[in-house]
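>>> Pasting the sequence and the predicted coordinates here, then a few questions.
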Amino acid sequence: MNELYPVFLKVSQLNTLLVGAGVVGLEKLTFLLKSSPNARVTVLAPEISEDVKRMADHNERLVLVQDIYRKKYLEEKHLVIAATNDKEINKEIHKDAKERFLLVNVADTPEYCDFYLGGIVTKGNVKIAISTNGKSPTTAKRLRQLLEEVVPENINEMVENINLYRETLKGDFEYKVKALNKLTEELIKKKD
Ligand SMILES: C[C@@]1(CC(=O)O)c2cc3[nH]c(cc4nc(cc5[nH]c(cc(n2)[C@H]1CCC(=O)O)[C@@](C)(CC(=O)O)[C@@H]5CCC(=O)O)C(CC(=O)O)=C4CCC(=O)O)c(CCC(=O)O)c3CC(=O)O
Ligand SMILES: NC(=O)C1=CN([C@@H]2O[C@H](COP(=O)(O)OP(=O)(O)OC[C@H]3O[C@@H](n4cnc5c(N)ncnc54)[C@H](O)[C@@H]3O)[C@@H](O)[C@H]2O)C=CC1
């Protein structure tokens, strides 16, 4: 059964610790910043790849700490992503994070994840997140690529226009729901 509950985090208002800055750390960071360029992320690793260093050069919200993992780095963090190549360290990070009631993702162990990073499609204000319940990240990637192609670019124009109309509506909640449903009913009508 798929019991995941998706939420859309404002990661520019949260502090994220990413432990490990190798191949996987870079992948997680790249997708996080692609979707949320203002995310506040501290990257912690004894070895930080040149690619990650370059990303930090143009981004003051991206803080690099060249050190091995220690508990103190969990202070003042909301989210933790463990992406080291050492399973024992990842496990320790998981344990420490849980003791502090932090939300934690352990990239190499789905059972140790409170949340998964998903495939993400962005068209202006519209954002679609994709997960396969941890079963096939490659399928999440392919679905992301497919949806990037098929979701029309102008979906954002529609959202902006409906938002303008929404702002003009006077009346109670029920009235607004009716008016907005009427305006958009064509969208879900089945074609003959
Ligand atoms: C559970 C999860 C935890 C988490 O990382 O959050 C996780 C775990 C693991 N990934 C592994 C492998 C790969 N991951 C990718 C790619 C992505 N992985 C992402 C998410 C997630 N990966 C979470 C579940 C998401 C869901 O619910 O579907 C994406 C969607 C988002 C992102 O990375 O930000 C991003 C695509 C982004 C995009 O393109 O849009 C590829 C494909 C590629 O790189 O081309 C491969 C290789 C092929 C394959 O295995 O499919 C392994 C095995 C490691 C090993 O064998 O050593 C584990 C560990 C395990 O499963 O045990
Ligand atoms: N979730 C996902 O999408 C995927 C997960 N994985 C898993 O992710 C893990 C990481 O793999 P790679 O990035 O390829 O490894 P890597 O060797 O490229 O990088 C490892 C990083 O961890 C850091 N590190 C090692 N010990 C540390 C410590 N004590 N404290 C802080 N940082 C430490 C290193 O300095 C380096 O930056 C592997 O276990 C792999 O199985 C692999 C592929 C995809």
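Yes, it's here. Ligands and ions are numbered 1, 2, ... in the order given.
>>> now what about stretch 96-115, what contacts it?
20, 24, 28, 71, 74, 77-83, 87, 90-91, 93-94, 116-117, 134 (C-beta atoms under 8 Å, 6 or more residues apart in numbering). For glycine as for every other residue, the C-beta is placed from the backbone atoms N, C-alpha and C.
>>> Please pick the buried ones from those residues.
20, 24, 28, 74, 77, 79-83, 90, 93-94, 116-117 (16 or more other C-beta atoms under 10 Å).
>>> Which members of these are positioned in helices?
Applying DSSP state H to the buried ones among the contacts of stretch 96-115, the entries found in helices are V24, K28, N90, I93, H94.
>>> and ligand 1, which of the residues you listed reach it?
K28 (C-beta under 6 Å from any ligand atom).
>>> Just name the closest of the ones in helices among the buried ones among the contacts of stretch 96-115 to T16, please.
Of all these, K28 has the smallest distance to T16: 9.8 Å, by C-beta to C-beta.
>>> Can you give me every residue that contacts that closest one?
K28 neighbours (C-beta under 8 Å, 6+ apart): L18, I81, A83, A107, L117.
>>> now the last one: how far from K189?
What that stands for is L117. 35 Å (C-beta to C-beta, to the nearest Å).
>>> quick revisit: any chance of a markdown table for the ones in helices among the buried ones among the contacts of stretch 96-115, columns pLDDT?
Shown next, in a markdown table, are these (pLDDT from 0 to 100):
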| residue | pLDDT |
| --- | --- |
| V24 | 95 |
| K28 | 97 |
| N90 | 98 |
| I93 | 98 |
| H94 | 98 |
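>>> about what we covered before: going by distance to ligand 2, which of the contacts of K28 wins?
Distance to ligand 2, by C-beta to the nearest ligand atom, is smallest for A107 among these, at 3.6 Å.
>>> So what's the residue count around the closest one?
22 (other C-beta atoms under 10 Å).
>>> What score does it have for pLDDT?
Looking at A107, its pLDDT reads 95.
>>> do K190 as well
78.
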